[in-house]
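> Provide a 3D model corresponding to the input given below.
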Amino acid sequence: MDKEALKNMSDAVIEGDTDALVAVINDVVNDADPLQLIQEGMMPGLRKIGDMFSTGEIFLPEMLMAAEAFQEGMKIIEPKLLASGQKMESPGTIVFGTVMTDIHEIGKNIVITLMKTHGFNVIDLGANVSPTTFVDEAEKANADVIAMSSLMTTTMTYQKDVIDYLREKGLRDKYIVLVGGGPVDAEWAEQIGADGQSDSAVGAIEITKKLISSKKGGSR
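The predicted structure is shown next:
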């Protein structure tokens, strides 16, 4: 595989240049290993942009442009990947939503974008998500993590409702449960029996990695 093409793909992701990325992919996709295009072409650029965001070198618009370019690239490569029978390695699958009666999504979307830059498979449930939907979608996706955002003190209790529903269904130990949002702190997370909480998007990534690694290593 042409190393220059892989570098050009990475650079295009970093620059959020969808047109340039698509052009490079179209030039090579029929003769290249699709998994290599993702793992050695686009992913390094996405990881770099995530690191730059976490250190304050860039801001949300640049990160979102990079994520959009990556997604457009995936639309071209993914059919080739499926046809080849290969699969992308992912550290874990996360279902992520804003709890019932809360329609705020900006914070959630930032965390989801960063999670994707670290290779996680993230299923965005959107806003105003009921406890049953969180659990049903986690079951359907065979998820590792249920992540819940709440931006108002009046909606925080719905995070507890999701955990209570998991217990009711005998599924609590099956999932790592993460909570976040403006009014959510470590004390609240402990009180409702969540596994983790973070005040920042970058912190959420570290906690997620640690908890998934611990779970897959056999300790919880």
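> ok, and what's touching the lengthiest strand in the chain?
The longest strand of the chain (DSSP state E) is strand 121-129. Counting by Cβ atoms under 8 Å, 6 or more residues apart in numbering, strand 121-129 makes contact with 90, 92-105, 108-109, 112, 115-116, 133-134, 137, 141, 143, 148, all of which sit outside it. The C-beta positions use only the backbone N, C-alpha and C, and glycine is treated the same way.
> from those residues, list the buried ones, please.
Members of the contacts of strand 121-129 that pass the buried threshold by neighbour count (16 or more other Cβ atoms under 10 Å) are listed as 92-100, 102, 104-105, 108-109, 112, 115-116, 133-134, 137, 143, 148.
> which ones among these map onto strands?
For the buried ones among the contacts of strand 121-129, membership in strands holds for 93, 94, 95, 96, 97, 98, 99, 148, with DSSP E as the criterion.
> dump the residue contacts of the fifth one.
If I follow you right, that is residue 97. Residue 97 makes contact with 108, 124, 125, 126, 127, 129, 133, 134, 147, 148, 149, according to Cβ under 8 Å, 6+ apart.
> mind running it again at 7 Å?
By Cβ atoms under 7 Å, 6 or more residues apart in numbering, the contact list for residue 97 reads 125, 126, 127, 129, 134, 148.
> switch those residues over to TSV; also include pLDDT.
Formatted as TSV, the entries for the contacts of residue 97 read as follows, by pLDDT from 0 to 100:
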residue	pLDDT
125	98
126	96
127	96
129	98
134	98
148	97
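> how close does residue 118 get to residue 20?
Between residue 118 and residue 20 the distance, using Cβ to Cβ, to the nearest Å, works out to 24 Å.
> the more surrounded of those two?
In this view residue 118 and residue 20 are compared by other Cβ atoms under 10 Å, and residue 118 has more residues nearby, 19 against 16.
> distance check, the nearest residue to the more buried one once chain neighbours are set aside against residue 212.
Spatially, and ignoring its direct neighbours in sequence, residue 118 is nearest to residue 205 (5.6 Å; Cβ to Cβ, 6 or more residues apart in numbering). In this structure, residue 205 lies at 11 Å from residue 212, with Cβ to Cβ as the measure.
> residue 105 reaches residue 111, doesn't it?
No. Using Cβ atoms under 7 Å as the test, residue 105 is too far from residue 111 to be in contact (10.5 Å).
> which other helices and strands does the helix or strand of the chain with the lowest mean pLDDT contact?
Across the helices and strands of the chain, mean pLDDT, DSSP states H and E gives its lowest value to helix 106-117, namely a mean of 85. Helices and strands touching helix 106-117, by 3 or more Cβ pairs under 7 Å, 6 or more residues apart in numbering; DSSP states H and E, are helix 43-54, helix 60-84, strand 93-99, strand 121-129, helix 201-216.
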